[in-house]
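**Q** Sequence and predicted structure, then a few things I'm wondering about:
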Amino acid sequence: MKGLISSLSFSDHPHVSLTKTPTFLKIIVLSFLSIFLFFIVRRFSFDITTFITTPSSHEFPMSFTSIPNQTTTSTVAANPPPPPLRRPGMAVERTGIIDENGAMTNDFVVGEFDEELIDSVVNGKVNGTDEALESDENRGGLRGKIGKFKVCDESMRDYIPCLDNVEEISRVNLSERGGNLVSHCPPKGKGLDCLIPRPKDYKLRIPWPKSRDEIWLSNVPHTPFKEKAGNKWVKKKGDKCIFPGDGTQFVLGANQYLDQISKMVPEIAFGQRTRVAMDIGGGVASFGAYLMDRNVSTLSIATKDMHKNQIQFALERGVPAMLTAFATHRLLYPSQAFDLIHCSRCSINWTRDDGILLLEVNRMLRAGGYFIWKAEPIYRHDENLFAPLKEMENITRRLCWELLKNEGDISIWRKPLNNSCYLSRPLAVQPSLCGVGDDPDNVWNVNLKTCITQLPENGYGANVTTWPARLHSPPDRLFSIKMDAELSRREIYKAESKFWHEIISGYVGAFHWKELNLRNVMDMRALYGGFAAALHDLNIDCWVMNVVPVSGSNTLPVLYDRGLIGVMHDWCEPFDTYPRTYDLLHAAALFSVERNRCNVTNIMLEMDRILRPGGRVYIRDTTPVIEELEEIAHALGWVAFKFDGSEGPHSNWKLLIGEKRL
């Protein structure tokens, strides 16, 4: 354009010839070149169009967008050229799967197929076996819709699968050592497949704290114990059982008994230094019930047949309690778990087998913790039966326990803070120290050991802060857990506490948790105990059984160092407690982990067994798992609802709430 303008200016000059200028020659050459290229391109385009007879297999939509700051525009012809001619192809055979309108038909042609293969898929068989179906059952997957579960026979209203397995227990010949008192779970395929019925005239429980002193008689219908209800532990008053708080254990009452202990050893400091306690063979758990007023969380334990169903009475009252036995295996609690362990006429022979049961107490007792023994009165008055008491004192000396006080029939010992006393004993003194390779926190299916558990040289477990500061202070044993994270454990611990505090705050507001009268609560996958800590911080008056599954990291030491209680469990097996124990069952990311090794339907049946009528279940898990569990929940007869998680509707995490209505 610039050249053209220049040539026009030159034409106005009288002495310049336009035809002889270089610019004119350039214009002529470009014009001929343009005409030549036009005919060449047109000829080539015609040949290509004629040659191609089939279109491309994929068509891509074209889009035209205006480009800013560009002065030229492109226009598309209003009438596009006709499509190229197509070479006739082979005729398409219609199978009839879809009709002319695009709808699927019912009589389409399938062609040849293997009838045996189809039969194996339908029946869940592989190579003539049930391997595929069995694999699906192991994972807990559902194969199609499931119907309502039937109700068990009325005789099973107090059924505990692993403790009432008569067939298996009858084969055990260990009654002298208590082998018949430990769990013997039904084999695979013979577990519970029905819903445990509630007792006749069952009522919604009396709310706490009133339930500490009275419960409905019809809710605990075990006849043999009620016939003995004339004693001072329990009294019958109309349709209720009344707990006066005294009796043969505490003649002057439980509160006066606790005052006596505090005066004997003031350093015990209930509710400050002493936060977590164990009461062995504690009857109806009045010891633990009254310690709650002093900010002490006490776990009452007993065997199923030692005191009949007194543990069931304790749970109905709203006091932490479990069925377990000092027998052949370690109890399912970690080392240095309890600040205080109490035994008041608990009918346990502590001196048998060189004190092997007392060695188990020593393992669970925190460094510097207290053991309180209220001996049988007969030991104090019969010289012939005084020997067991002297033998008890002999064993405790070899355990390096310090006898702090002996007043009447009450003796209080204190466990050492470190290993210095153990290491200074003569080598011949028994029991010996456990080897370095012994893990005192390894408790699942581990036999009792006749050796003294060594205390950590770094003081872990002994240096816990006082309550309530210890609830949120990261404990030392947080760094002794076997897990992937190494440097970020403290941050993970704090993040978990913050997460559950926000979640439970939402539950309190949205689902009115403070109005549900929750008392007995279980966290089925507790991790560091953030869920239980949040309930405490938000002033929900309940206690929480924190369960640590065997499939994950053993965080039990951390839970107890925080001042919480918990137990290890395998959710492929039933839980050793009475039916109708808990008001709330909480399971976060439990099923997505356990469904690879357990049958989720069996877990849900077990949840229904231990859930009280009127109780609730909160399950937080991935969307596919929640959809599967929702179907099982309806089959159990729960009123179930599914909600989006706190992350929003597009998150893969959902919340399933189920209510077991009366």
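**A** Perfect, thanks for sending it.
**Q** Which parts of the stretch 351-500 of the chain are strands?
**A** Ranges of strands within the stretch 351-500 of the chain are 365-374, 402-407, 410-414, based on DSSP state E, counting those that start in this stretch.
**Q** Can you say which of these is packed in most?
**A** strand 365-374 (a mean of 23; mean count of other Cβ atoms under 10 Å). The way it works is simple: take the backbone N, C-alpha and C, and place the C-beta from them, glycine included.
**Q** Excluding its own residues, what touches that strand? List them.
**A** Strand 365-374 is contacted from outside by 249, 261, 265, 268, 274, 336-345, 350, 361, 392, 396, 401, 404, 409-418, 455, 459, 461-462, 464, using Cβ atoms under 8 Å, 6 or more residues apart in numbering.
**Q** Can you lay out the strands of the stretch 351-500 of the chain as TSV showing distance to residue 213?
**A** Converted to TSV, the strands of the stretch 351-500 of the chain look like this (distance: least, Cβ to Cβ, whole Å):
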stretch	distance to residue 213
strand 365-374	23
strand 402-407	28
strand 410-414	25
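**Q** how about the ones you listed in a markdown table, adding mean pLDDT and distance to residue 503?
**A** Converted to a markdown table, those look like this (pLDDT from 0 to 100; distance: least, Cβ to Cβ, whole Å):
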| stretch | mean pLDDT | distance to residue 503 |
| --- | --- | --- |
| strand 365-374 | 97 | 31 |
| strand 402-407 | 94 | 44 |
| strand 410-414 | 96 | 40 |
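**Q** burial count for the nearest residue to residue 485 once chain neighbours are set aside?
**A** Among residues not flanking residue 485 along the chain, residue 492 sits closest, at 5.9 Å (Cβ to Cβ, 6 or more residues apart in numbering). If you count neighbours by other Cβ atoms under 10 Å, residue 492 ends up with 15.
**Q** just residue 574 next, same as before
**A** 25.
**Q** residue contacts, it?
**A** Here residue 574 is in contact with 160-162, 185, 191-192, 606, 609 (Cβ under 8 Å, 6+ apart).
**Q** cool, residue 284 as well?
**A** Here residue 284 is in contact with 233-234, 243, 310, 313-314, 317 (Cβ under 8 Å, 6+ apart).
**Q** which of those residues lies closest to residue 549?
**A** Lowest distance from residue 549 to these (Cβ to Cβ) belongs to residue 314, with 24.7 Å.
**Q** Check which helix or strand the closest one maps to.
**A** Residue 314 is part of helix 310-317, with elements assigned from DSSP states H and E.
**Q** Check residue 260 too.
**A** Assessed by DSSP H and E, residue 260 sits inside helix 254-264.
**Q** now the helix or strand following that helix: how far from the chain's centre is it?
**A** Next along the chain after helix 254-264, taking DSSP H and E as the criterion, comes strand 276-280. Relative to its chain's centre, strand 276-280 lies at 24 Å (Cα atoms, centre = their mean, to the nearest Å).
**Q** list the helices and strands the helix or strand following strand 276-280 packs on?
**A** Proceeding C-terminally, strand 276-280 gives way to helix 286-291 as the next helix or strand, assigned by DSSP H and E. Applying 3 or more Cβ pairs under 8 Å, 6 or more residues apart in numbering; DSSP states H and E, we find helix 286-291 packed against helix 254-264, strand 276-280, strand 297-302, helix 310-317.
**Q** again, 6 Å this time
**A** Under the contact criterion of 3 or more Cβ pairs under 6 Å, 6 or more residues apart in numbering; DSSP states H and E, helix 286-291 touches helix 254-264, strand 297-302.
**Q** List the buried residues for the shortest one?
**A** When you say that, I think you mean strand 297-302. Buried residues in strand 297-302, defined by neighbour count with 16 or more other Cβ atoms under 10 Å: 297-302.
**Q** how far out from the middle of the chain is that strand?
**A** Counting by Cα atoms, centre = their mean, strand 297-302 comes out at 21 Å from the chain centroid.
**Q** and it, average pLDDT?
**A** Averaged across strand 297-302, pLDDT comes to 97.
**Q** go on, the first one?
**A** Per-region confidence: helix 254-264 scores 96 on mean pLDDT.
**Q** Now do that helix against strand 410-414, angle only.
**A** Orientation of helix 254-264 against strand 410-414 (axes from the mean of the first three to the mean of the last three Cα atoms, to 10 degrees) gives an angle of 50 degrees.
**Q** Now helix 254-264 - C-alpha only, PDB.
**A** Coordinates of each C-alpha in helix 254-264 appear next as PDB, following Å, rounded to 0.1, in the frame of the first residue of the first chain:
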ATOM      1  CA  ALA A 254     -20.000 -44.800  98.700                       C
ATOM      2  CA  ASN A 255     -19.300 -41.100  99.400                       C
ATOM      3  CA  GLN A 256     -18.100 -41.800 102.900                       C
ATOM      4  CA  TYR A 257     -15.900 -44.600 101.600                       C
ATOM      5  CA  LEU A 258     -14.300 -42.200  99.000                       C
ATOM      6  CA  ASP A 259     -13.800 -39.600 101.700                       C
ATOM      7  CA  GLN A 260     -11.900 -42.200 103.800                       C
ATOM      8  CA  ILE A 261      -9.600 -43.100 100.900                       C
ATOM      9  CA  SER A 262      -8.900 -39.400 100.400                       C
ATOM     10  CA  LYS A 263      -8.000 -39.000 104.000                       C
ATOM     11  CA  MET A 264      -5.700 -42.100 104.000                       C
END
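**Q** what number of residues lie near residue 512?
**A** Residue 512 has 9 nearby residues by other Cβ under 10 Å.
**Q** about what we covered before: could the contacts of residue 574 go into TSV alongside neighbour count and pLDDT?
**A** Formatted as TSV, these follow (neighbours: other Cβ atoms under 10 Å; pLDDT from 0 to 100):
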residue	neighbour count	pLDDT
160	21	95
161	22	95
162	18	94
185	17	92
191	19	89
192	18	93
606	19	98
609	23	99
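**Q** Residue 514: which of the residues you listed is nearest?
**A** Checking the contacts of residue 574 against residue 514 by Cβ to Cβ gives residue 609 as the nearest, at 27.1 Å.
**Q** Looks like the closest one contacts residue 197 (just checking).
**A** No: Residue 609 is beyond contact range of residue 197, at 10.7 Å (criterion: Cβ atoms under 6 Å).
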